[in-house]
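K.L.:
what shape does this take:
(chains A and B)
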Amino acid sequence: MDISLVAESPFRFRIERRAPMRVPGVVFATADLLPRAASGEALEQVANVATLPGVVRASYAMPDVHWGYGFPIGGVAATDVEDGGVVSPGGVGFDISCGVRLLAADIDRAGLEPRLRKLMDILGDTIPRGMGRGGLWKLSGRAEMEKLLVGGAGYAVEHGHGVPSDLTFCEDEGALEDADPSQVGARAVERGLQQVGSLGSGNHFLEVQAVDRVYDERTASAFGLRPGRICVMIHCGSRGLGHQVCTDHVRVMDRTLDRYGISLPDRQLACAPVESPEGRAYLGAMSAAANYGRANRQLLTQAVRRAFATAAGVGVDLVYDVSHNMAKIETHRVDGARRRLCVHRKGATLALPPGDPSLPEELAEAGQPVLVPGTMGTASYVLVGEKGNDAFHSACHGAGRVWSRHQALREVRGEALRDDLESKGIAVRPSSWRGLAEETPEAYKDVDAVAGATEGAGLARLVARLVPVGVVKG
DNA sequence: ATGTTC
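P.N.:
Alright, predicted model coming up:
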């Protein structure tokens, strides 16, 4: 497909609808970020998504968009459930409910300084990470797993891994209600039993950060953020369990495309109507895997609390937990009518504005926190949802890759990167030199530019900038 | 992302 972009504003570009697209594409970016988005066929994927049955309004790309499996990462697309709308596992991604949790410690940067090394040593020794390698909480078997898949972060809290108030500051209060553990296969359960409370690898990390700058004092204060405060950002997902759920259901849907008369420009877009046995089965399994991801981040939170208590004698509060790989059934106004939509956000977060009725009262006035992890050498951001977001209240989820992992390995050595970061005062606890090198800050877009474009496009508003102090790398 | 190629 030949992709041509039309500038609608300095922050918004349109891909004109042409057969077989059912809706246009919309790319949120700046002229500087656009060439990055256009690389690796990500924009062709935006156009491909616009062909899905039941898709409404537009196929969207966030400023951090890059190439992914079927759908681009940084892509958002909604389908009309009552109009044959489909759900596609590729629109969620292999790491179901991959997401970010931000914690805030009762200590500032200066106060932590003399204890930072000890803190990092404890975190480095106690946070399970890397491929395989076990987790903090070993489940006894399928029966216990099913309870976790239904209860999510709440199940972890019930078992002493956290406090009930944590759940207030989790999206969906830590669990999606429509989880169906019976749709999670034996292999997925087997892979997940040993991995609850583990970081994983790739771009997953746990960072000790300091609030570097506040843009909106009132909202930052509502989130518990003030200049100099020490925070912890946890980025991880649903490990082997989510991966296996995606694999299993993609296979099923790939085989049922003909039965539903669905033709696709790319088989990786495999999908089924939301209101079909295959669609419902996937959504039930996806929600269960999402709840696993939330429980996983809850367990890691407790390990962080233990580390801060031992190293610095201080407590740690939960600021918020968001998933950025999800499909959710939501109601939105489309062409003047309220419609039930299946909103796919793959590498994109929900970003509800102040006053949205689905926010808990503690966040109603401020709006929903948007957590944007950057890179271990630059910065991360907290934004907040705002009114007028026509991308179904969605925002970016990170900096977005520009180098392949292969290219990063050609350019950078892990040991040299560690020395570079340490010389900047960033303590590093890698799990492998190769994994560290693959995640070199140069492999990513400029997160300041991505966050700025997200605000410029009216998707969310800047609240605070966080800089890394210590990195525990998956 | 991923028992890094069922």
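
K.L.:
look at the closest residue to DNA strand B within the stretch 51-200 of chain A and tell me its secondary structure.
P.N.:
In the stretch 51-200 of chain A, no residue comes nearer to DNA strand B than A:Gly200, which is 2.7 Å away by CB to the nearest atom of the strand. Any C-beta I mention is one placed from the backbone N, CA and C, and that applies to glycine too. Three-state assignment for A:Gly200 (DSSP: H, G, I helix; E, B strand; the rest coil): coil.

K.L.:
next one: A:Ala416
P.N.:
Applying three-state DSSP: A:Ala416 is helix.

K.L.:
how close does it sit to A:Arg405?
P.N.:
17 Å (CB to CB, to the nearest Å).

K.L.:
my read: the residue of the stretch 51-200 of chain A closest to DNA strand B touches A:His235, true?
P.N.:
No - using CB atoms under 8 Å, A:Gly200 makes no contact with A:His235, being 9.3 Å away.

K.L.:
the residue of the stretch 51-200 of chain A closest to DNA strand B: neighbour count?
P.N.:
28 (other CB atoms under 10 Å).

K.L.:
dead centre of chain A: give me the residue that sits there.
P.N.:
In chain A, the C-alpha nearest the mean C-alpha coordinate belongs to A:His324, at 2.7 Å (CA atoms, centre = their mean).

K.L.:
give me the spatial nearest neighbour of it, chain neighbours excluded.
P.N.:
A:His397 (3.8 Å; CB to CB, 6 or more residues apart in numbering).

K.L.:
list the residues that contact the residue in chain A that DNA strand B sits nearest to.
P.N.:
Using CB to the nearest atom of the strand, A:Gly202 is the residue of chain A that sits closest to DNA strand B, at 1.6 Å. By CB atoms under 8 Å, 6 or more residues apart in numbering, the contact set of A:Gly202 is A:435, A:438-439, A:474.

K.L.:
also A:Val304?
P.N.:
A:Val304 neighbours (CB under 8 Å, 6+ apart): A:103, A:123, A:206, A:232, A:234, A:316.

K.L.:
do the same with A:Gly279
P.N.:
A:Gly279 touches A:86-87, A:271-273, counting by CB under 8 Å, 6+ apart.

K.L.:
show me which of those residues are buried.
P.N.:
Buried members of these, scored by 16 or more other CB atoms under 10 Å, are A:86-87, A:271-273.

K.L.:
re earlier: as CSV, the contacts of A:Gly202 with distance to DNA strand B and neighbour count would be great.
P.N.:
What follows is the contacts of A:Gly202, written out as CSV (distance: CB to the nearest atom of the strand, whole Å; neighbours: other CB atoms under 10 Å):
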residue, distance to DNA strand B, neighbour count
A:Gly435, 8, 21
A:Glu438, 7, 24
A:Glu439, 7, 27
A:Gly474, 6, 23
